[in-house]
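**Q** Here's my sequence, what's the structure:
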Amino acid sequence: MKMSILNNKEIAIKLDKLATATVSSALIPTMTKNGILVGSYIVKPVDGFFSVNKRNEEYYRTYSKSAAMIIAGLMSKNYGSSHIFLVIDADRVANAMRNDIEVYKYHHSIASKNGDDCKKYIMSARFETANERYQEAKRILQQSYSKLF
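**A** Numbering: from 1, shown residues only. Next up, the predicted model:
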């Protein structure tokens, strides 16, 4: 019986091909001096937002870094615009609801201190509604993120 034994050089070449194929098919965010490279797109902070760029052309702006990275990943994997606009809308809703939640919590605590039960009830109801919308937007973002990374 003859056994085929690969020499070290052949093993190294096969492992290199396997590693190259694996890395090229996966989107690995990489920090650069210009921003975060996701596929062939750069995510960088601009005026309090996060911009998705390719070759100095801006494609989208988001409120959160994670949404910008998701969009860059979607664009790198050639997902349709409906997926991208779903992420943009979820990012917008999450940002708005996060701010509203803080306002409602503040006013609820003031109403509690002042004994204003009507205002406390109203702020509780608004808080619950905003929190539900916030959680739904975060769920959409997490689902999109898990598709890519």
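
**Q** Please count neighbours and contacts with C-alpha atoms only from this point.
**A** Will do.

**Q** Tell me the secondary structure at the residue nearest to residue 119 when sequence neighbours are not counted.
**A** Leaving aside its sequence neighbours, residue 119 sits nearest to residue 111 (CA to CA, 6 or more residues apart in numbering; 6.0 Å). Here residue 111 takes the helix state, with states given by DSSP: H, G, I helix; E, B strand; the rest coil.

**Q** how close does residue 111 sit to residue 103?
**A** 12 Å (CA to CA, to the nearest Å).

**Q** So for these two, which residue has more residues nearby?
**A** Set side by side, residue 111 and residue 103 give different neighbour counts by other CA atoms under 10 Å, the larger being at residue 111 (18 against 14).

**Q** mind listing the strands for this structure?
**A** Secondary structure of the chain by DSSP state E: the strands cover 30-31, 36-38, 41-46, 49-54, 57-62.

**Q** dump the residue contacts of residue 58.
**A** When the contact criterion is CA atoms under 8 Å, 6 or more residues apart in numbering, the partners of residue 58 are 51-52.

**Q** Quickly list what it is bridged to.
**A** In this structure, residue 58 has the following beta-bridge partners (DSSP bridges): residue 53.

**Q** With mean pLDDT and distance to residue 132 as new columns, can the strands of the chain be given to me in JSON lines?
**A** Formatted as JSON lines, the entries for the strands of the chain read as follows, by pLDDT from 0 to 100; distance: least, CA to CA, whole Å:
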{"stretch": "strand 30-31", "mean pLDDT": "86", "distance to residue 132": "33"}
{"stretch": "strand 36-38", "mean pLDDT": "91", "distance to residue 132": "31"}
{"stretch": "strand 41-46", "mean pLDDT": "94", "distance to residue 132": "28"}
{"stretch": "strand 49-54", "mean pLDDT": "96", "distance to residue 132": "24"}
{"stretch": "strand 57-62", "mean pLDDT": "96", "distance to residue 132": "21"}
